[in-house]
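Colleague: sequence and predicted model, in that order:
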Amino acid sequence: MPVYNKLVRDKIPEIIEANGAAPNVRILEEDEYIMYLKEKCSEELNEYFNAETNSEAVEELADLLEIMHALAAQHGSSIEEVEHVRQIKAEKRGRFQEKIFLMEVVERE
């Protein structure tokens, strides 16, 4: 019997049952939930790093976005508010579209 001990999407237990197996689950406490969301974020980011095709990369980015929705809610916010903050930062500091790579800063005398 495989042991997973990880946060999964809400419908995964139903899918496991539909495939003839019996999932053993529990509902996380709030502090555990944030911890496991962060762990899941790291897992999905690793999967994004290892994606070999654009399609795989987009799928992993979608997983990251789903986690961002959940994390925003846990921090008393929404993805819309996160997007608003992103837009403000983009206006003030720019985006990452010009592919600028900062090598060093030389102090002027």
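Modeller: Cool, the structure landed.
Colleague: assign a three-state SS to residue 69, would you?
Modeller: Classification of residue 69 using DSSP: H, G, I helix; E, B strand; the rest coil returns helix.
Colleague: residues near it, how many?
Modeller: Using other Cβ atoms under 10 Å, residue 69 has 13 other residues around it. (C-beta placed from N, C-alpha, C; glycine too.)
Colleague: run through the residues that contact it.
Modeller: Going by Cβ atoms under 8 Å, 6 or more residues apart in numbering, residue 69 touches residue 79.
Colleague: roughly how far does it sit from residue 97?
Modeller: 24 Å (Cβ to Cβ, to the nearest Å).
Colleague: now the helices for the protein?
Modeller: For the chain, the helices defined by DSSP state H occupy 12-18, 30-49, 54-74, 79-93.
Colleague: now the last one against helix 54-74, angle please.
Modeller: Spelled out, that is helix 79-93. Counting by axes from the mean of the first three to the mean of the last three Cα atoms, to 10 degrees, helix 79-93 points 110 degrees away from the direction of helix 54-74.
Colleague: counting by contacts, list what helix 79-93 packs against.
Modeller: Secondary-structure packing of helix 79-93 (3 or more Cβ pairs under 8 Å, 6 or more residues apart in numbering; DSSP states H and E): helix 54-74.
Colleague: kindly report the same for the shortest one.
Modeller: Counting contacts by 3+ Cβ pairs under 8 Å, 6+ apart, there are no secondary-structure elements packed against helix 12-18.
Colleague: start at 41 instead
Modeller: Let's use 41 as the start, then, which means that last one is helix 52-58.
Colleague: if we can go back for a sec, how about JSON lines for the helices of the chain, with distance to residue 46 and mean pLDDT added?
Modeller: Conversion of these to JSON lines gives the following (distance: least, Cβ to Cβ, whole Å; pLDDT from 0 to 100):
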{"stretch": "helix 52-58", "distance to residue 46": "10", "mean pLDDT": "97"}
{"stretch": "helix 70-89", "distance to residue 46": "7", "mean pLDDT": "97"}
{"stretch": "helix 94-114", "distance to residue 46": "12", "mean pLDDT": "98"}
{"stretch": "helix 119-133", "distance to residue 46": "23", "mean pLDDT": "98"}
